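# Below: sequence and its predicted model.
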Amino acid sequence: MLWEYMTVVAPVRRTLFRGSIQAQGLTDRLNELGRAGWELVAASPTWSGWGGTRDLVFLLKRAVSSD
């Protein structure tokens, strides 16, 4: 089976002491991709200089035909 991959980056909005994401927007986007055949296979944060989260990175895959 052959696969294709997609990376989705969700920025974390930083405040003085913590960060936040647009959770509903991210959920909506992942659901949209799921309906298009994409499967979430990994999620990981990226780090800023002071140990805070800069982005969340999501890796998705879906099968492609081998025609």
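Cool, the structure landed.
# Let me see the ranges of the strands in this structure.
Listed in chain order, the strands found in the chain under DSSP state E are 2-11, 13-14, 19-20, 39-47, 53-64.
# want to throw the ones you listed into JSON lines with distance to Glu32 and mean neighbour count?
No exception for glycine: its C-beta is placed from N, CA and C like everyone else's. Listed next are these as JSON lines, based on distance: least, CB to CB, whole Å; neighbours: other CB atoms under 10 Å:
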{"stretch": "strand 2-11", "distance to Glu32": "11", "mean neighbour count": "12"}
{"stretch": "strand 13-14", "distance to Glu32": "21", "mean neighbour count": "12"}
{"stretch": "strand 19-20", "distance to Glu32": "21", "mean neighbour count": "12"}
{"stretch": "strand 39-47", "distance to Glu32": "12", "mean neighbour count": "12"}
{"stretch": "strand 53-64", "distance to Glu32": "11", "mean neighbour count": "15"}
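# Columns mean pLDDT and distance to Asp28 on top of those, output as CSV?
Listed next are the strands of the chain as CSV, based on pLDDT from 0 to 100; distance: least, CB to CB, whole Å:
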stretch, mean pLDDT, distance to Asp28
strand 2-11, 93, 12
strand 13-14, 68, 17
strand 19-20, 60, 16
strand 39-47, 91, 14
strand 53-64, 91, 13
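# Please identify which of those strands is closest to Arg29.
Distance to Arg29, taken as CB to CB, is lowest for strand 2-11 among these, at 6.9 Å.
# How about residues contacting stretch 41-58?
Outside of stretch 41-58, the residues that reach it under the criterion CB atoms under 8 Å, 6 or more residues apart in numbering are 7-12, 14, 19, 21, 26, 30, 40, 59-61.
# same question, stretch 22-37
Residues lying outside stretch 22-37 but in contact with it, judged by CB under 8 Å, 6+ apart, are Met6, Val8, Ala10, Arg13, Leu40, Leu56, Phe58, Leu60, Arg62, Ala63.
# could you redo the last one with a cut-off of 10 Å?
Taking CB atoms under 10 Å, 6 or more residues apart in numbering as the criterion, the residues outside stretch 22-37 that touch it are 4, 6, 8, 10-13, 38-40, 43, 56, 58, 60-64.
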